[in-house]
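Participant: Following is a predicted model, sequence given first.
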Amino acid sequence: TRWRRALPGQGMPAFATFPGAAEGTAYATRTSADGTDTRVSAVDPRTGRVRWDVRVRGWLKPFAAQADGSVLFLAVDSGYGAEEIVRYTPGTGATRRVALPAVLDGAHAAVRGNVVYVLATGGSLDAVDLASGRRLWHLETSVSRGSLPVASGERVYFTASDGRLLAVDARRGRLVGQTPARLGAESAQVMSTPPAPLTVGADVYAGAPDGTVFAVDSRSPATW
């Protein structure tokens with residue numbers, strides 16, 4: 001055991017790390033019993049030392065961290081529908097809240113630069129500018145249940161429960177490519193929680209319910 005310690009006020013928290021987090025920080029979160037606020041503790045993963053600790057209004061689910069130390073959350077209601085994007089910046093103590101255009105059920109989010117991409121159950125995908133608070137575009141993909149979206153380069157990628165990998169133009173909000181479904185012999189079976197794709201250089205990797213892992217070239221999604 002490298003270290004072991006209790007986090008003040010956390011009990012049994014959710015624990016998460018994100019690419020791009022300042023100094024590799026990990027985040028422990030626990031929402032109050034009545035859902036009115038969430039306690040967030042930033043933890044040094046090497047030592048377990050708490051770097052900062054704060055309570056932020058709302059039932060918050062973290063989805064990203066940025067190089068300046070800011071942490072991004074989706075604020076959800078009691079039915080787990082996402083209502084707001086929340087950015088907390090520990091350096092200044094500032095909290096930025098951007099209301100979503102509608103309550104989005106089962107939402108997952110990704111960020112690139114100052115734009116957040118929110119994918120909801122049913123396949124609706126929204127791009128929201130954190131600076132202006134404006135929705136940049138909206139796309140209906142007809143994916144009943146998608147993975148965590150991944151924003152990389154000029155694309156937003158996610159997988160569907162039938163094994164498809166989809167690519168969306170991040171600037172214009174247009175579907176630019178998708179792979180065939182990969183259901184395998186048990187075609188009646190789909191994934192309840194599709195795995196998020198992974199980007200490495202020009203390649204995108206994804207998994208499918210037929211038991212395969214595959215890679216495609218991100219530069220030519222129309223040929224997938």
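Facilitator: Great, that's in hand. Numbering: from 1, shown residues only.

Participant: got the end-to-end distance for stretch 68-84?
Facilitator: 21 Å (C-alpha to C-alpha, to the nearest Å).

Participant: ok, now stretch 173-192?
Facilitator: For stretch 173-192, the first-to-last residue distance is 25 Å (C-alpha to C-alpha).

Participant: What residues sit buried inside that stretch?
Facilitator: Judged by neighbour count using 16 or more other C-beta atoms under 10 Å, the buried positions of stretch 173-192 are 173, 176, 177, 178, 179, 181, 182, 183, 190, 191. Placement of C-beta: from N, CA and C, glycine included.

Participant: likewise stretch 60-76?
Facilitator: Of all the residues in stretch 60-76, those buried under the rule 16+ other C-beta under 10 Å are 60-66, 69-76.

Participant: and which of the residues you listed is nearest to residue 138?
Facilitator: Using C-beta to C-beta, residue 74 is the member of those that lies nearest residue 138, at 16.9 Å.

Participant: Bridge partners for that closest one, pull those for me.
Facilitator: residue 61, residue 85 (DSSP bridges).

Participant: Go ahead and confirm it touches residue 84.
Facilitator: Yes - the pair residue 74 and residue 84 passes the contact test of C-beta atoms under 8 Å, sitting 7.4 Å apart.

Participant: which residues touch the closest residue to residue 4 other than its chain neighbours?
Facilitator: Closest residue to residue 4 apart from its sequence neighbours, by C-beta to C-beta, 6 or more residues apart in numbering: residue 48 at 7.3 Å. Listed by C-beta atoms under 8 Å, 6 or more residues apart in numbering, the contact partners of residue 48 are 3, 4, 5.

Participant: So which of the residues you listed are in strands?
Facilitator: The members of those all map outside strands under DSSP state E.

Participant: Assumed the residue nearest to residue 4 was part of a helix.
Facilitator: No - secondary structure assignment places residue 48 outside any helix; it is coil (DSSP: H, G, I helix; E, B strand; the rest coil).

Participant: Longest strand in this structure, please.
Facilitator: Among all segments of the chain classified by DSSP E, the strand with the greatest residue count is strand 94-105.

Participant: Show me which residues of that one are buried.
Facilitator: Residues of strand 94-105 classed as buried by neighbour count (16+ other C-beta under 10 Å): 97, 98, 100, 104.

Participant: helices or strands up against that strand?
Facilitator: Applying 3 or more C-beta pairs under 8 Å, 6 or more residues apart in numbering; DSSP states H and E, we find strand 94-105 packed against strand 81-89, strand 115-119, strand 124-129.

Participant: how about the residue of the chain most remote from its centre, what does it touch?
Facilitator: Here the chain has its C-alpha centre computed as a mean, and the residue farthest from that point, by C-alpha atoms, centre = their mean, is residue 185 with 30.9 Å. Going by C-beta under 8 Å, 6+ apart, residue 185 touches residue 210.

Participant: Which secondary structure state does it sit in?
Facilitator: When the rule is three-state DSSP, residue 185 gets the label coil.

Participant: Please tell me how far it sits from residue 165.
Facilitator: If you measure residue 185 against residue 165 using C-beta to C-beta, to the nearest Å, the figure is 20 Å.
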